Structure formats: C-alpha cells, structure tokens
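Enquirer: please work out how this folds:
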Amino acid sequence: MATHTEVITPSASRTTPALVRRQSSSHSIQKKPWQHNHRPSFHSTNSRPDPEEIQRLSEHISRQTTRSSHRRTPKWYKIRWFKGIVDDLKRRAPYYWSDWRDAWDYRVIPATVYMYFANILPALAFSLDMFTKTHNSYGVNEVLFSSVMACVVFSLFAAQPLVIVGVTGPITVFSYTVYDIIVPHGTNFFAFMAWIGIWSLLMHWLLAITNSCNALTYVTRFSCDTFGFYVAFIYLQKGIQVLTRQWGLAGETSAYLSVMVSLLVLGFAYGCGVLGNSNLLQRHVRKFIEDYGTPLTIVFFTGFVHIGHMRNVHLETLPTSKSFHPTADRGWFVHFWDISVGEVFLAIPFAILLTVLFWFDHNVSSLIAQGTEFPLRKPPGFHWDIFLLGLTTGIAGILGIPFPNGLIPQAPFHTNALCVTRQVVDEKARGHIVRVTDHVVEQRFSNLAQGLLFLVTMSGPLLVVLHLIPQGVLAGLFFVMGVQALEGNGITQKLLFLARDKELTDATDPLARIERRAAIWVFVACELVGFGATFAISQTIAAIGFPIIILLLIPFRTWLMPKWFRDEELRALDAPTAGTFVMESVGGAYGESGESTPSRAGGTSPPDESDEVAVVDDSLERGESHELQSVLANKRSSPETASIATRRTGSHGETARPDVGMTRRSRNSLNR
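Expert: As a prediction, the model looks like this:
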C-alpha cells in the first residue's frame, strides 16, 4: 500500500501539536533523537535528514539541557544558608513530645543511675587534673556546673538527646595548655577563656548555618578509631600522672599504697564488666553487676583504705570547695572586659582550634552514640546540635567553667544502657540462645535527670563525701576508662586479629577475607601513625594544635588511602561510623555502594501505613526474654516480610530503621 507523508513547515509547527501527521501508513516510523518537539521533522520515506541540520539541532538541545542542569544543580561554592538546621528541625520536631512520653519506661531508671556514675567519676578525675595544672582555677564545682548546664540544654533542645555532654579529656589538655601559654605573660586567664568561648560561639554558629556537618559524610571508622585510641591513652596517662604526683605530695608509703589501690580498682571494675557479659550467675545478677559494678567499686575502696594499718597512712584525697561556689576566689560571672584589645584578638586562633576540636569530637560522639549496632527510630540532627554546642561554649566561657562537648565513651554507653534486648535461637551456634537488641528507648529524661543529679552533687553534704575519695582510687578509675576504651577500639581488634593463629581464625571475620595480609598491617600502621602524631604533640607546649592533626585524618583517609588499597580491602578494613539512617541527614555515608545523595528537606519519607513489622511490645523494656510481639506476628515468616527485611539491610550489615515517620497509631502502640 502506498504511503503518503505530509511534511510540516516551520510556520505550521507552531500550531500543530505533532511533528509529523500521517494520512495513512502501514509502517510506524519512530521519532529520532534529532526530532524535537515544536520543531519540523525532516524525516521522509524518500529522503534522509540533512546532517548539518541534525548537528544544529543537537547542539541546540545540548545547550538547553546544560542550561537547565546548571539551574537545577547548585554550585559547590553556593551556600544554602540554614538549610541543614531547618531540615534537622523539620525531621526532629514531630518527635519532641514522644521523647517525653517514651520516658515512662523501666530502662530509663537504670540508664539514669548508670550514666550518673559513668559521667561523674571521670568528671571528678578530670577536675583533679585541672585543679593541679591550672593552680586551683578549675575544680570540682566548675566541672560539675559545666556538665549540669550542658545536660540541661541538650536534653531539652537537642536533636540528638541521647548524646551525653560534659567535660572530656581533650578539653582538659586544651585548658591547661592555654593556662601555661598565657598566664606567664600576665593575662587574665578567665577573661581570656571567656573570649575564646565567645569567638568559638560565633564560629560554631557559622559552621552550623553553612551546613558544615555535611562533611561528616567523609568521617569513617578510620578517623574515629584513631581519635578513640588517642582518648584511651590520655586516660591512661592521666592515671599515671596522678600516681607519680603522690611521691611529692605524701611520701613513698602513701604513693605505694595509692598504686596498689589503683590496680585493685582496675581489677575489680574491669572484672565487673567481664562478668556482666559472661554466662555466669543469673541474668538479673549479671545485669546489676554490669550496671553498678564500677560505682560500687569506687565506694568500696574509698572505705577500704581505712582498714587495719592502712588507716595510719595519709592519702591525698579529691580537693573540693564550698557548695555552689567557684574554686577560686571569684564570682560565677567573668568580667570578660578586663582584658586588652590585643588579647581579645589573640584569643581568635585559640578559638579556631577549640572549634575544630569540638566539631570533630562532638560529631564523632554523636555518630558513635547512633552507631550501626543501635536500632534507632528517630532521626538525627547534626547541624542544629552544633548550633547548640556553640551556645553552651559561649555560656561556659562567660561563667568561667570548662567547655563541654560530647563524651566518649559515655555517649554510646548511654545508648547501650537504653537498649531493649530479646532472646533468639542462634541456628549457627547449634541452637544456643543469644540476646539481640530489639530497639532503643529514645527519650530525653535520662540525660536531663543525670544532669540534675550533678547539681545535687554540688551541695555541701555530697561535696564532703567526694572529698573522702583518695586520689589513688581516681587514678584506678582513669585506668578503667582507658582499658575499656582500648578494648572496644577498632585498632585493638585489628592488632588482635594479626596476632592470632591463621588456622584458628574465624573464617567469617571480614578481615579474614582480605587476600593481602600486608594491607591490614599498612592500614593499622596508618592509624598508629595518626595516633602517635596526635599524642606526641599533646606532650609539648604545642599541644594546643592537636585538633588540627585529628582533622587531617579525614582528607588523608578520603583521598590518599584509596590509592594504596583496593576497594574490597577498604570495605573490610573500614566502614561508615553510623548507618544509612543516621548518615542520610548529612548526605549519606562515604564509601557506601551506590550514590549517596543528600536527604530532601523534611527528612525521610515515612513508610507504608501497613508496615507494622516495626511495632513492638514495650514489655521488653524490663530486659526479660519475652517473645517479640507484633500485630502481624504471624506474617513474620512470610516471603513478603522476608523480602522487606532483606531490602532494609544496608551494605555494611546495618539495619535500616523502618519506623521513622510512623503513624500516630503505630507510635501509640509503643506506649503502655
């Protein structure tokens, strides 16, 4: 059959909706790439298209596409001001009231008590260190007040209320290093620290409104393990320094007794942690020993030194001051104007270093507290928390107290204490019963309550009790924190793997799948070099610059190490610090398979309303071995449910959080 084709002229194409209209045809001719809407078609059954016209149309389409792409894609140097903060608030605000309702749970009580002792004991040890090295400028009350202020602000307003905030080991190094630099020149220490806090406040706010936390995409376990290794050795160093000072303060007898007591504290407290994770005794007894073993050890050995002949030995104790009063002879409000203009601007480089330290330290604490091992449901908010951290830094400077920030390892300890576990049958372990984490009680009350307990501790009677604690006991506490931090560090785990017999190594270990064993050695060597450089500079007058070395670990891991290692080796040796659910608020995790794109404003998209697999029975909060109950429990073994669970598993083994954005009906089922 003959085919008749009508060619549309350019003038007619403006009013004709189609490019080519066929009167009758037995063959359908598809539109070619050069045929653009609203432009004439040059296709004909009897002629081929003009190459020059095709080239002209292709260039025109390319220009239009490029122009449109440039309009849609923001340049890297174009800052979307306040976007991160706004997105954090949009994501987290709907969960604010549930953060308080969910606090009506049994797990909140032991978590509050446990975190009070886990936080106050290191704080007392740090206060002793700063009291000595700042010549009574900072003491117990300053450290306690700093923790109170930070806990109240972050528990009430933070987007990540599970993160415990207080005085850390690195900030003690920063504080007495500043003291050693400026005080010999006659500068007012408290006024200078106040201006460091004020400048740092402005810098924190600038980082928050410019979405700087998106750089957390590149923070992996490499940087976190190296920094954690450094913090662990700082704890061990502080314990040794406390003991060596005893020879000059109270004589040899007191010093040797302090060494003995510190080692006993280390042995008993560490043993309580080991027993709590073993299969000895009843489960409730093990849990009690794990939660309260360390504070009971401190109490016991505080009285132990008064038994028998030991009561005749004078031991140096924790120095305290009057209740609710600063250690030095001053008021709580610092006269920050009692300083020269030159010294005001001299505080800027110190503020930059403090901001760098806090940006890394606090964000790493937040990442670890929301790690892949914790099945969290509520979204994070890094940008808003950095904004709040700037506020607390400025307030701390004006009040003359140490600057607080996220605590390691207390922050992940807090999340772990709020975990609800259930017992399941491990088929790979011949049917043995194992405990797995079902969910986390995400609320604000435990953080607020332990902070208010710090305020009570500043009262007169409790300060008298604190004054009874021997310094040797505090040295043992430093050892406990250091050993526990080393035990759970990734560098330690890799060193233990390298020390094991190859024939007896578990084949399921990710490191066992690495063909080049030398790659593990080189990776660990890089981590140890980073730790060594940070620790070495901390021992000099240049210790104020150690945050820069810590920050340089991020570009080193991002740009240099991929040139030395294969992709499969880096996937086994390193991983994102937190799961996809947490990292999506800062643009995704570096090194994940697939392209990581920043989350849209408004947070994560809610799941289907019928997704009730995530609805759990809160009777599990007692930590007992109940069966996980669900409205659709009978469907858990169905293929559909299995496919859902498979899709929710991330590339690094973490489980995606299915119930972000749960409906009111589903959330209420979590409340008794």
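
Enquirer: check contacts around A269.
Expert: Applying Cβ atoms under 8 Å, 6 or more residues apart in numbering to A269 gives the contacts 293-294, 297-298, 476-477, 480. Heads up, the C-betas are built off the backbone N, CA and C, glycines and all.

Enquirer: could those residues be laid out in JSON lines, adding distance to L504?
Expert: Formatted as JSON lines, the contacts of A269 follow (distance: Cβ to Cβ, whole Å):
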{"residue": "G293", "distance to L504": "31"}
{"residue": "T294", "distance to L504": "33"}
{"residue": "T297", "distance to L504": "34"}
{"residue": "I298", "distance to L504": "38"}
{"residue": "G476", "distance to L504": "34"}
{"residue": "L477", "distance to L504": "35"}
{"residue": "V480", "distance to L504": "30"}
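
Enquirer: out of the residues you listed, which is most surrounded?
Expert: Tallying neighbours with other Cβ atoms under 10 Å puts G476 at the head of the contacts of A269, with 31 neighbours.

Enquirer: all helices of the stretch 501-650 of the chain, in order?
Expert: Secondary structure of the stretch 501-650 of the chain (DSSP state H, counting those that start in this stretch): helices at 517-537, 546-555, 561-564, 567-573, 580-583, 639-647.

Enquirer: quick one on the thing from earlier: export the contacts of A269 to CSV and append columns for pLDDT, secondary structure and distance to D501.
Expert: As requested, the contacts of A269 are arranged in CSV below (pLDDT from 0 to 100; DSSP: H, G, I helix; E, B strand; the rest coil; distance: Cβ to Cβ, whole Å):
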residue, pLDDT, secondary structure, distance to D501
G293, 87, helix, 33
T294, 85, helix, 34
T297, 91, helix, 35
I298, 90, helix, 39
G476, 92, helix, 34
L477, 88, helix, 35
V480, 90, helix, 30
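
Enquirer: helices and strands of the protein: which one has the lowest mean pLDDT?
Expert: In the chain, no helix or strand scores lower on mean pLDDT, DSSP states H and E than helix 664-668, which sits at a mean of 33.

Enquirer: just for the stretch 451-600 of the chain, where's the confidence low?
Expert: Filtered on pLDDT under 70, the stretch 451-600 of the chain yields the residue ranges 588-600.

Enquirer: check which helices and strands the host helix or strand of A475 sits against.
Expert: For A475, the element it lies in under DSSP states H and E is helix 471-487. Judged by 3 or more Cβ pairs under 8 Å, 6 or more residues apart in numbering; DSSP states H and E, helix 471-487 is in contact with helix 108-133, helix 221-250, helix 252-276, helix 283-304.

Enquirer: export those to a markdown table and append columns for distance to P412.
Expert: Below are those laid out as a markdown table (distance: least, Cβ to Cβ, whole Å):
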| stretch | distance to P412 |
| --- | --- |
| helix 108-133 | 11 |
| helix 221-250 | 10 |
| helix 252-276 | 14 |
| helix 283-304 | 15 |
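
Enquirer: so which of those gets nearest F333?
Expert: Minimum separation from F333 across the helices and strands packed on helix 471-487 (Cβ to Cβ) falls at helix 108-133, 20.1 Å.

Enquirer: distance of the residue nearest to P562 when sequence neighbours are not counted from N416?
Expert: Excluding the flanking residues, the one nearest P562 by Cβ to Cβ, 6 or more residues apart in numbering is L570, at 6.7 Å. Going from L570 to N416 by Cβ to Cβ, to the nearest Å gives 27 Å.

Enquirer: so where's the chain uncertain?
Expert: Residue ranges of the chain with pLDDT under 70: 1-51, 54, 57-77, 427-431, 588-672.

Enquirer: domain ranges for this protein, per the record?
Expert: 1-51, 85-246+313-471+489-573 (automatic domain parsing).

Enquirer: quick one, which of those is packed in tightest?
Expert: Using mean count of other Cβ atoms under 10 Å, the stretch among the domains of the chain with the largest mean neighbour count is domain 85-246+313-471+489-573, at a mean of 19.

Enquirer: and it, end to end?
Expert: End-to-end distance for domain 85-246+313-471+489-573, by Cα to Cα, to the nearest Å: 33 Å.

Enquirer: next one: that domain to chain centre, how far?
Expert: Domain 85-246+313-471+489-573 has its C-alpha centroid displaced from the chain centroid by 9 Å (Cα atoms, centre = their mean, to the nearest Å).
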